[in-house]
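Participant: Give me the fold of what follows.
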Amino acid sequence: MSPSRKLIVVGDRVLIKMDSLEERTEVGLLLPETVRAKEKVQSGLIVATGPGIPLPDPSHEEDEPWKDSTPRPRHLPMQAEVGDYALFLKKHAVEIRYENQEYLIVPQNAILVLIRDENIVE
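Facilitator: Below you'll find the model as predicted:
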């Protein structure tokens with residue numbers, strides 16, 4: 001992605017760089033013929049995530065309008081993380097093209113399985 005522009009994923013969605021639909025995924029997950037034939041399930045690498053599901057601010061009280069309080073955004077965090085490998089329902093995905101790359105935007109509730117490499121040291 002270019003340094004002058006940034007793609008921001010909102011809410012409880014993830015940005016996925018999709019795999020081609022093959023018999024076996026990159027990480028060794030075997031997809032049965034029935035799944036591949038109907039193309040109901042697809043897989044790919046998560047490259048960006050939104051902040052999560054927005055939650056109301058419990059400290060915001062309309063009974064005290066004199067209080068100077070700046071509302072802070074709060075979100076219920078997602079299980080999906082950048083670098084996870086996801087198996088998801090394709091019918092819920094939206095295809096986009098950004099800077100000559102094809103991606104899918106997928107809501108977290110359409111993700112069936114996440115595969116995470118726990119050995120990565122950050």
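
Participant: Could you use CA atoms for every contact and neighbour count after this?
Facilitator: Fine.

Participant: for this structure, where's the lowest mean pLDDT among helices and strands?
Facilitator: helix 33-38 (a mean of 57; mean pLDDT, DSSP states H and E).

Participant: what's the following helix or strand after that one?
Facilitator: Remark: after helix 33-38, the chain's next helix or strand is strand 41-49, criterion DSSP states H and E.

Participant: Show me what that following strand is packed against.
Facilitator: Counting contacts by 3 or more CA pairs under 8 Å, 6 or more residues apart in numbering; DSSP states H and E, strand 41-49 is packed against strand 13-18, strand 85-89.

Participant: Look at the spatially closest residue to residue 102 that is not a sequence neighbour and say how many residues are nearby.
Facilitator: Leaving aside its sequence neighbours, residue 102 sits nearest to residue 96 (CA to CA, 6 or more residues apart in numbering; 5.9 Å). For residue 96, the count of nearby residues is 12 (other CA atoms under 10 Å).

Participant: The host helix or strand of residue 96 packs against which elements?
Facilitator: Here residue 96 sits within strand 94-98, counting by DSSP H and E. When contacts are defined as 3+ CA pairs under 8 Å, 6+ apart, strand 94-98 sits against strand 101-107.

Participant: now, of the helices and strands packed on strand 41-49, which is deepest in the fold?
Facilitator: Ranked by mean neighbour count under mean count of other CA atoms under 10 Å, these are led by strand 13-18, which reaches a mean of 24.

Participant: and it with strand 94-98, angle?
Facilitator: Calculated by axes from the mean of the first three to the mean of the last three CA atoms, to 10 degrees, strand 13-18 forms an angle of 70 degrees with strand 94-98.

Participant: can you pull up the bridge partners for residue 54?
Facilitator: Per DSSP bridges, the residues bridged to residue 54 are residue 75.
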